[in-house]
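Peer 1: after the sequence you'll find the predicted model.
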Amino acid sequence: MRILLTNDDGINAPGLYVLEKIAAKLSDDIWICAPSDEQSGAGHSLTLTRPVRLREHAPRRFSVMGTPTDSVTMALRKVMPGPPDLILSGVNRGANLGDDVTYSGTVSAALEGALAGIRSIALSQVYAREGVGNAVSFDAAEQWGEKVLRPLLETPFAERTLVNVNFPPLSAGDVRGIKVVRQGFHDYARGTLIEATDPRGFPYFWFGLNGIEQTPGRDTDLEAIADGYISVTPLQLDYTHEASLGARGARYGA
């Protein structure tokens, strides 16, 4: 089985090395093509206004001066001798839960793989607090990664779908298990906006990430993580709201 690894934290990110360890338990045909530097929040963006440069670091290990989407595109069109059987994106440093998946470069790299018809899975390691820098433990992801992936490899994926996996901010021994759950949502109206002044006297703003979680019921990725479980969420590329099609069409006489 040929596996492509990518991420949005960059070619030297600790989570990518963790993902290599996980992938090595599944195959010895592993290729890496990741952004040259961090692209968190890049979403499904594609570089169109400047050249995209490719660098080979070692056999089957490449970086791209561009976005996660650029990295997958370059891997499929230029780097690899043939399409992979599996694309793994991550392990991201931080959560990709709820509707944050729309911002996520990690999830978007997997989305690009799904668009190409390749089985694609995004993996993220939640951590307990902000401001920890690179001091994030990937213990849960490293120890549970294979356990999560093997059943997914044995399960058919519907066309144009991908899977989003999040590991809770716990040691591997404290993880309570795995739950297949829905995508939750956030209340962004309660998100924080930090305002300060730089040394030259100009104002700047920083988007805060705390205090915005809100979901209905107890069956979403947000609650699964909060309860100490690994969340596994199937996502689809078709954003169409089917229930609105008839109502909107009726207004135009369709």
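Peer 2: Structure received.

Peer 1: ok, the closest residue to residue 24 other than its chain neighbours - how many residues close by?
Peer 2: Using CB to CB, 6 or more residues apart in numbering and skipping residues adjacent in sequence, the residue nearest residue 24 is residue 30, 6.7 Å away. For every residue, glycine as well, the C-beta is placed using N, CA and C. Per other CB atoms under 10 Å, the neighbour tally for residue 30 reads 20.

Peer 1: what do you get for residue 155?
Peer 2: Neighbours of residue 155 using other CB under 10 Å come to 10.

Peer 1: mind listing what it touches?
Peer 2: Counting by CB atoms under 8 Å, 6 or more residues apart in numbering, residue 155 touches no other residue.

Peer 1: so which strand or helix has it?
Peer 2: Following DSSP states H and E, one finds residue 155 outside all helices and strands.

Peer 1: and the strands in the stretch 151-254 of the chain, which stretches?
Peer 2: In the stretch 151-254 of the chain, the strands defined using DSSP state E, counting those that start in this stretch lie at 161-167, 177-180, 193-197, 203-207, 229-236.

Peer 1: what's the local residue count around residue 95?
Peer 2: Neighbour count of residue 95, defined by other CB under 10 Å: 22.

Peer 1: wait, is it part of a strand?
Peer 2: No: with DSSP: H, G, I helix; E, B strand; the rest coil as the criterion, residue 95 is located in coil rather than a strand.

Peer 1: list the contacts of it.
Peer 2: 124, 126, 127, 166, 225.

Peer 1: one more time with 10 Å
Peer 2: 104, 124-127, 166-169, 209, 213, 221-222, 225, 231 (CB atoms under 10 Å, 6 or more residues apart in numbering).

Peer 1: any weak-confidence spans in this protein?
Peer 2: Residue ranges of the chain with pLDDT under 70: 129-134, 187-191, 208-218, 248-250, 253-254.

Peer 1: just give me the longest helix of it.
Peer 2: helix 139-153 (DSSP state H).

Peer 1: buried residues, stretch 39-48. List them.
Peer 2: Under the neighbour-count criterion of 16 or more other CB atoms under 10 Å, stretch 39-48 has 39, 40, 42, 43, 44 buried.

Peer 1: residues in contact with that stretch?
Peer 2: Residues from elsewhere that reach stretch 39-48, judged by CB under 10 Å, 6+ apart: 7-10, 35, 52, 64-71, 73, 92-94, 96, 100-109, 111-112, 115, 207.

Peer 1: rewinding a little: how about the longest helix of the chain as CSV, C-alpha atoms only?
Peer 2: Output of helix 139-153 as CSV, limited to C-alpha atoms (Å, rounded to 0.1, in the frame of the first residue of the first chain):
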residue,chain,number,x,y,z
ASP,A,139,1.1,10.4,23.0
ALA,A,140,-2.6,9.7,22.3
ALA,A,141,-2.2,10.1,18.6
GLU,A,142,1.0,8.0,18.5
GLN,A,143,-0.3,5.1,20.6
TRP,A,144,-3.9,5.1,19.2
GLY,A,145,-3.2,6.0,15.6
GLU,A,146,-2.9,2.5,14.2
LYS,A,147,-6.0,1.4,16.2
VAL,A,148,-8.1,4.1,14.6
LEU,A,149,-6.8,3.7,11.1
ARG,A,150,-6.9,0.0,10.5
PRO,A,151,-10.7,-0.3,10.8
LEU,A,152,-11.0,2.7,8.5
LEU,A,153,-8.8,1.0,5.9
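
Peer 1: having no further points to raise, I will conclude here.
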